[in-house]
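S.K.: Could you work out the structure for the sequence below:
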Amino acid sequence: MKVRFSRGSATILALLITGVVITVGIGFNWMVKEHLKAAEGMKRKSEAMVKAVSTYNTLMYGILSGITTPAEIVFNTSNDLLGVKSIPLNSAGVTVNDDAEIKIQDSNGMISLASPNLLALQRLFRNASPAEDNSAIIIDSYLDWISTGSQVRINGAKAAYYKAQGKPYTARNRPMQYKEELSFVRGMDQELYKKISPYVTLLPNSGFNPNTACDAVLSAYLGIAEDAVLNLKTYMSQKPVSSNSGLYSIVQRTVGGEGVDFIPSQFWDITISVGKPDPVYSLKAGIDKRWNATYPYSVIYWEKG
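M.R.: Numbering: from 1, shown residues only. Coordinates of the predicted model:
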C-alpha cells in the first residue's frame, strides 16, 4: 500500500519548522542583547565605583593639605588634582572629573542629634510641619529614646507606649546609632522625617556656623523668619559672618560664643556621586579631621550604593 503525502502538508510543515527556527533565533538574540546590556551595566558601575573611591582619596588629600575657611575648604595643591580650587562646606554640589559630584557639609551647619540644641531641633520640627505641631511630643520622646532611666517625660514614650502601639521596636535607652532611628520616635512619621533628615546629623557639633547652614537650619537655630534668612544669606554671599556683633547687625540675633561659633567643626559629611544625569554609584562618609599619632583622620561612618 502506497502512502501519499500532500504537497500542502509539506508546505505547512516547512513553515512550522521555519517559524520555530525564527522564534528560537529571536529568543537567542534577545538573550544575547540582555546579557550584553547587563555586562555593560556592571562595567559602568564598576568604573563608577573605582572613580568614586579615587575621587574620595584625592579629596581627602586635598582636605588634609588644604586650608579651612569659615565657608569652604581651599585646596593647596599646585596641580589642582580635582580641577577645582575650593569646595564649599554647605552641601553645595561641585562637579569634578566630568561626571563626579562632591558635596561636603560641616556639622556645625547642621543640628546634631549627638549633642542637640533642643530649642533649634524643636523649631525645625515645627517649621517642617506647622499644620500639625507635634514638636513637644517628638522632643520628649527623643529624650526618652536616648536616656537610660525608666522615667517617662510628660510628652515622652518608653517601652510601654511602643508595645501598646504594636511596634516591633522600643526605645533604645542609649544614644542613637543611626539617624533613621529618629523616624521611629513617637510623634514622628516618614513624611516628617524625610523633610528634616537633610538638616540633622549624628556627627557632633562644636558650635554653630551660619556660614555653612542652609535656610531651614538658619531659621530653626536663630529663630528668624524667611525675610531675615534671605538678608543673612545675601550678606554671607559676599563675605562670611564672623562675630556675634556682625550677626546681630543683620538679624538681631546672637549665638553662644565667639571661640567655637562661626567656624567649621572637625566633623564633615561627604557625599560623592558618579554619573550624569542619574548617579550610577555614590558613597557617603562622615569624617573626623582631627589627626593623631596613628591616623591622619578618622572615618565615623561609610555608606555606599
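
S.K.: which secondary structure element contains Pro296?
M.R.: Counting by DSSP states H and E, no helix or strand carries Pro296.

S.K.: With Gln151 instead?
M.R.: Using DSSP H and E, Gln151 sits within no helix or strand.

S.K.: Model confidence for it, exactly?
M.R.: Listed pLDDT for Gln151 reads 91.

S.K.: Same check on Glu34?
M.R.: Value listed for Glu34 in the pLDDT field: 70.

S.K.: Any idea how far the one helix or strand it maps to is from the middle of the chain?
M.R.: When elements are assigned from DSSP H and E, Glu34 belongs to helix 7-65. Remark: helix 7-65 is offset 32 Å from the chain centroid, using Cα atoms, centre = their mean, to the nearest Å.

S.K.: Could you list every helix and strand that that helix packs against?
M.R.: Secondary-structure packing of helix 7-65 (3 or more Cβ pairs under 8 Å, 6 or more residues apart in numbering; DSSP states H and E): strand 100-106, strand 267-274, strand 281-288. From N, CA and C alone the C-beta is placed, and that goes for glycine too.

S.K.: who touches stretch 29-49?
M.R.: Contacts to stretch 29-49, defined as Cβ atoms under 8 Å, 6 or more residues apart in numbering, come from residues Val274, Gly275, Pro279, Val280, Tyr281, Lys304.

S.K.: Buried ones among those?
M.R.: Val274, Gly275, Pro279, Val280, Tyr281 (16 or more other Cβ atoms under 10 Å).

S.K.: ok, now which ones touch the third one?
M.R.: Going by Cβ under 8 Å, 6+ apart, Pro279 touches Ala48, Glu101, Ser273.

S.K.: quick revisit: now the buried ones among the contacts of stretch 29-49 in TSV, with pLDDT?
M.R.: As requested, the buried ones among the contacts of stretch 29-49 are exported to TSV (pLDDT from 0 to 100):
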residue	pLDDT
Val274	95
Gly275	90
Pro279	90
Val280	92
Tyr281	94
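
S.K.: and which of those is nearest to Tyr248?
M.R.: Nearest to Tyr248 among the buried ones among the contacts of stretch 29-49, counting by Cβ to Cβ, is Pro279 at 41.3 Å.

S.K.: what's that closest one sitting at in phi/psi?
M.R.: In terms of degrees, to the nearest 10, the main-chain angles of Pro279 are phi -60, psi 130.

S.K.: where's it relative to Val50, distance?
M.R.: 15 Å (Cβ to Cβ, to the nearest Å).

S.K.: swap in Ala92?
M.R.: Taken as Cβ to Cβ, the span from Ala92 to Val50 is 25 Å.

S.K.: Could you list which residues are in contact with the one residue sitting closest to the centre of the chain?
M.R.: Central residue of the chain (Cα atoms, centre = their mean): Pro198, 6.3 Å from the mean position. Applying Cβ under 8 Å, 6+ apart to Pro198 gives the contacts Ser91, Cys214, Ala216.

S.K.: Turn those into JSON lines, columns for pLDDT and secondary structure.
M.R.: Shown next, in JSON lines, are the contacts of Pro198 (pLDDT from 0 to 100; DSSP: H, G, I helix; E, B strand; the rest coil):
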{"residue": "Ser91", "pLDDT": "95", "secondary structure": "coil"}
{"residue": "Cys214", "pLDDT": "96", "secondary structure": "coil"}
{"residue": "Ala216", "pLDDT": "97", "secondary structure": "helix"}
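
S.K.: Tabulate those residues in TSV, adding columns for neighbour count.
M.R.: Output for the contacts of Pro198, formatted as TSV (neighbours: other Cβ atoms under 10 Å):
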residue	neighbour count
Ser91	18
Cys214	17
Ala216	19
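
S.K.: which among those residues gets closest to Ala14?
M.R.: Nearest member of the contacts of Pro198 to Ala14, counting by Cβ to Cβ, is Ser91, at 67.9 Å.

S.K.: Just list the residues touching the closest one, thanks.
M.R.: Lys103, Ile104, Gln105, Pro198, Cys214, Asp269, Thr271.

S.K.: From those, pick the one nearest Leu247.
M.R.: Distances from Leu247 to these, taken by Cβ to Cβ, are shortest for Cys214, at 16.5 Å.

S.K.: That closest one and Leu89 touch, don't they?
M.R.: No - with contacts counted by Cβ atoms under 8 Å, Cys214 stays clear of Leu89, the gap being 11.5 Å.
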